[in-house]
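> how would this look folded up:
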Amino acid sequence: MSTAPQQIISYGPPVSLAVAQRVAAAAEAEARANGWPMVIAVMDSGANLVVLHKMDHAQTGSVEIAQAKARSTVRFKRPTRVFEEALAAGGLNLRLLATEGACPLEGGIPLMHEGCLIGAIGVSGMQSTQDAQVAAVGAQAV
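Numbering: from 1, shown residues only. Model (predicted):
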């Protein structure tokens, strides 16, 4: 087991509307290129919704899930994949089920700028790995 200290991630100023729109547009372009109807949510560093894109034919349940992924990422300063992997491992990790607001579905990724978390993107609509692929493209647009 590693005893190295974890890097402390600070919250930065909230992502601007212009940057959030750029992030969402990059994610949407990736989703369109793959023919995936998705919902893309971008939240600021206070877990407030800045941009929500619901593509045509995206399932309505994904509206809440995309926001939950982004919110979880901001609140816990980590990608939602961490929670999904922890639950899959089972054992003591099942305690995660008692962690309010932790979304255990891949597809939430932090938006970082100069080492600070300025927001998050959450994507939902397809399989979790596909959601994460689209979210990663969006996050690169920061």
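
> For the helix or strand of the chain with the lowest mean pLDDT, buried residues please.
Lowest by mean pLDDT, DSSP states H and E among the helices and strands of the chain is helix 81-89, with a mean of 95. Within helix 81-89, the residues that qualify as buried are Arg81, Val82, Phe83, Glu84, Ala86, Leu87, counting by 16 or more other Cβ atoms under 10 Å. Yep, even glycine has a C-beta here, placed from its N, CA and C like the rest.

> tell me which of those residues is nearest to Thr99?
Phe83 (8.0 Å; Cβ to Cβ).

> In space, what's closest to that closest one - neighbours in sequence excluded?
Pro104 (4.1 Å; Cβ to Cβ, 6 or more residues apart in numbering).

> wouldn't that neighbour be in contact with Val82 here?
No - using Cβ atoms under 8 Å, Pro104 is not in contact with Val82; the gap is 9.0 Å.

> got any ranges where this protein has weak pLDDT?
1-5 (pLDDT under 70).

> mind listing the helices for it?
17-34, 61-76, 81-89, 128-140 (DSSP state H).

> Out of these, which is closest to Val42?
helix 17-34 (4.2 Å).

> Give me the angle between that closest one and helix 128-140.
140 degrees (axes from the mean of the first three to the mean of the last three Cα atoms, to 10 degrees).
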